[in-house]
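*Asks:* Predicted coordinates and the sequence they were generated for:
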Amino acid sequence: AQTVTQSQPEMSVQEAETVTLSCTYDTSESDYYLFWYKQPPSRQMILVIRQEAYKQQNATENRFSVNFQKAAKSFSLKISDSQLGDAAMYFCAYRSPYNTDKLIFGTGTRLQVFP
Amino acid sequence: DSGVTQTPKHLITATGQRVTLRCSPRSGDLSVYWYQQSLDQGLQFLIQYYNGEERAKGNILERFSAQQFPDLHSELNLSSLELGDSALYFCASSPRGGGAGGSYNEQFFGPGTRLTVL
């Protein structure tokens, strides 16, 4: 069975600085999807970025980028030019492309952004 | 706004009771997923329906059941409620059933239903 691990329960960053959130996963599959979701205080789950395992190029969405290391089974999220609105829980998630599209989530990292 | 709606937003009930949570997927989406977010278990997948049929089951208790109706809305029924069932229940929808190899099938989450069991 696949597992997702987020070893940082909490992180903090100063406004305009850069922060990196860590995620590792375990799977025997060669093809899969990885995601970062943001959950602000409103509790809404918002997709931040996704990565297809077969793509070598790291995904980027504006200030958000990932460092995908397939051999190391590592998938970190880098937030550049941090903003107060980035404060939230961030969840890493895994999805297999076979049988079902259920998401397997990590335990989350709470990000605080200080002015 | 993801286009997925969930009712009610909040639900407070007593142990031993039964409740029904409702989800309306985005227009055109055929799959509905239910997830539970609790302090103890984190975010975990409960069950998926695709076009009215059960597609996948996760860590769903026998006291819980779900269905998807012909108009594609879904209901999650929770019975014999216990204190530990207090959680945020999310519904998500996606266009397809999944398992299609490399094709992407993004899930859109609703705002959740906060269940409190006293």
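*Replies:* Sure, I can see it. Owing to the predicted nature of the structure, the values given are computational and were not obtained by experimental measurement.

*Asks:* so the closest residue in space to A:Glu10 that isn't next to it in sequence bridges to which residues?
*Replies:* Spatial nearest neighbour of A:Glu10, chain neighbours left out: A:Arg110 (4.7 Å); criterion: Cβ to Cβ, 6 or more residues apart in numbering or on different chains. Quick note: C-beta positions are derived from backbone N, CA and C, even for glycine. Per DSSP bridges, the residues bridged to A:Arg110 are A:Glu10, A:Met89.

*Asks:* For A:Arg110, give its distance to chain B.
*Replies:* From A:Arg110 over to chain B the distance is 13 Å, taken as Cβ to the nearest Cβ, to the nearest Å.

*Asks:* so how many other residues sit close to that residue?
*Replies:* Counted with other Cβ atoms under 10 Å in any protein chain shown, the neighbours of A:Arg110 add up to 14.

*Asks:* Just list the residues touching it, thanks.
*Replies:* A:9-11, A:88-90 (Cβ atoms under 8 Å, 6 or more residues apart in numbering or on different chains).

*Asks:* Can you say which of the residues you listed are buried?
*Replies:* A:11, A:88-90 (16 or more other Cβ atoms under 10 Å in any protein chain shown).

*Asks:* coming back round to it: any idea how far the residue nearest to A:Glu10 is from A:Gln83?
*Replies:* Distance, A:Arg110 to A:Gln83, by Cβ to Cβ, to the nearest Å: 16 Å.

*Asks:* picking up where we left off before, show me the two of the contacts of A:Arg110 that sit farthest apart.
*Replies:* A:Pro9 and A:Ala88 (13.9 Å; Cβ to Cβ).

*Asks:* Thank you kindly, that will do.
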